[in-house]
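A.B. asks: with the input below, show me the fold.
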Amino acid sequence: MDNKQAPKISIVIPVYNAYPYIHHCIDSLKAQTLKDLEFIIVDDCSMDRSIEVINDWAREDTRVKVVRNEINLGEGGSRNRGIEEAQGIYINSIDPDDWVSENYYELLYAKAIETSADIVKGTRIKIDEKTQEEIPPRSNLNEVLVTSLAKGEPLYLNFHYEHTTIIYKRAILDEGIRYGTSPSACDTTFLLRLCKGAHSFAIEDSAYYYYLQREGSATSEYSFERSKNELIALREQIDCYLNQSSPMNDYDYIFCAHRFYAYSARFVHAYENEKLQESEREWYISALKNIILRIPDYPKLFKTYPEIYAITELDIIPAPRLNTNPSICKEEMIEWMTFIENYEREYDASPGTKLQTLFAALLKKKVKKGASAEDLKEEASEIRLILNNETQKNRWDEIAKIALNKFIKNI
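C.D. replies: Numbers count the residues shown, from 1 in each chain. Okay, the predicted model is just below:
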């Protein structure tokens, strides 16, 4: 089908047991001011009455196409199937429990025509499920992306989420640009692949996507199964770099380091709160090491996140920034603390988690210098007590001073 016959935008809607929410989503799609749309609903073996609502809409609107999976493909697989069916010039995906402003697609498409952009992004607004009111603060990702691109950084470096807030040209897709196979972070994998394949990007701030923050949703719960799925996603993301024709550049290493840390920090937090078994920890650490070792010049990851060294305990690599010279070590400590302060709000992991992993690396260094196990245990307990007391107050400057005085004195 050529572009003259193709709908302007194909909207892919993966559905699995969404009956309590899908009416609101469909109503917002019916109300769109842009009419030249195609709706592809992929039913992923729903066991509730979602399919009844879907079929009712399809009977009254010829723009609706219903696809039913024979087996459960999950979120990523269902979105990929919708992409295969799409005929629009641009493609978008919306979750069945979310909704959009009535001029959402008209604004995005107008910006796409104006700029000829491969990707056009709107604004995400979080909505509380109970109160149905906006959850502040509003996402600042658009601002982050504009600033990043102005500095010459690639789009994929900071565009890890909010995949439903974009339309993208179907023409730029190839066999490799699809959602990941993992139930976790399949959207991050997709955005990485898409951004690497796109040549232009634009933003339409006034196109609003309303994201329903539900209690007990997949994005708010933690489990060991999620940790394993995140490692599957991580491997797929790393493969994007390993399969590219050019060697990895500094931005590629920064992206990989951020993903390593974002996923592993959540795991460490769960383990420290006794949500995981020792056998699960051992499996995870081994799997994470194997992924790291696939990356050429993988010690470069530690330049961005020294804490990865402490998490993985990669003894085959000397800690690249834990210098044995006390004065140099002090400078490095100050630099690390500055890093934590500057990037606290930008990254997922809390400064408390970063500090704990940093302290773990320093304690490990002391082991190599012959400190007794009892001394280390006592010191670690004191550090944890300080962290627990101080992090509740968000007094990061005081934490840094305490840490520096405590470690540098006997380094």
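A.B. asks: which secondary structure elements does the helix or strand where residue 206 lies contact?
C.D. replies: For residue 206, the host element (DSSP states H and E) is strand 201-213. Contact here means 3 or more C-beta pairs under 8 Å, 6 or more residues apart in numbering; DSSP states H and E; on that basis strand 201-213 packs against strand 99-100, helix 104-115, strand 119-128, helix 141-150. The way it works is simple: take the backbone N, C-alpha and C, and place the C-beta from them, glycine included.
A.B. asks: now the angle from the second one to strand 201-213?
C.D. replies: Here helix 104-115 points in a direction 160 degrees away from that of strand 201-213 (axes from the mean of the first three to the mean of the last three C-alpha atoms, to 10 degrees).
A.B. asks: before we move on, what about the third one?
C.D. replies: Strand 119-128 and strand 201-213 are oriented at 20 degrees to each other (the same axes, to 10 degrees).
A.B. asks: and strand 119-128, what's buried?
C.D. replies: 119-125, 127 (16 or more other C-beta atoms under 10 Å).
A.B. asks: returning to what we had before: tell me which of the helices and strands packed on strand 201-213 is the most buried.
C.D. replies: Mean neighbour count (mean count of other C-beta atoms under 10 Å) peaks for strand 99-100 among these, with a mean of 24.
A.B. asks: measure residue 251 to residue 282 for me?
C.D. replies: For residue 251, the distance to residue 282 equals 33 Å [C-beta to C-beta, to the nearest Å].
A.B. asks: looking at those two, which one has more neighbours?
C.D. replies: Taking other C-beta atoms under 10 Å, residue 251 and residue 282 do not tie; residue 251 has more neighbours (13 against 10).
A.B. asks: give me the element residue 24 is part of.
C.D. replies: With DSSP H and E as the criterion, residue 24 is inside helix 19-30.
A.B. asks: give me the angle between that helix and strand 201-213.
C.D. replies: Using the same axes, to 10 degrees, helix 19-30 lies at 150 degrees relative to strand 201-213.
A.B. asks: before we move on, the earlier item: and the buried residues of strand 119-128, which is closest to residue 295?
C.D. replies: Distance to residue 295, by C-beta to C-beta, is smallest for residue 119 among the buried residues of strand 119-128, at 26.9 Å.
A.B. asks: check contacts around that closest one.
C.D. replies: 155, 166-169, 194-195, 198, 200-202 (C-beta atoms under 8 Å, 6 or more residues apart in numbering).
A.B. asks: which members of the residues you listed occur in helices, if any?
C.D. replies: 194-195 (DSSP state H).
A.B. asks: of the contacts of residue 119, which is the most crowded?
C.D. replies: Per-residue neighbour counts (other C-beta under 10 Å) across the contacts of residue 119 peak at residue 167, which has 29 neighbours.
A.B. asks: now render the helices and strands packed on strand 201-213 as TSV, adding distance to residue 241.
C.D. replies: Putting the helices and strands packed on strand 201-213 into TSV (distance: least, C-beta to C-beta, whole Å) gives the following:
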stretch	distance to residue 241
strand 99-100	33
helix 104-115	28
strand 119-128	20
helix 141-150	19
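A.B. asks: for this structure, give me the ranges with low pLDDT.
C.D. replies: Residues of the chain that meet the criterion pLDDT under 70 lie in 1-4, 216-222, 268-269, 271-274, 302-411.
A.B. asks: mind checking the longest helix of it?
C.D. replies: Under DSSP H, the chain gives helix 250-272 as its longest helix.
A.B. asks: other SSEs contacting it?
C.D. replies: Judged by 3+ C-beta pairs under 8 Å, 6+ apart, helix 250-272 is in contact with helix 224-242, helix 278-292, helix 300-304, helix 307-312, helix 351-368.
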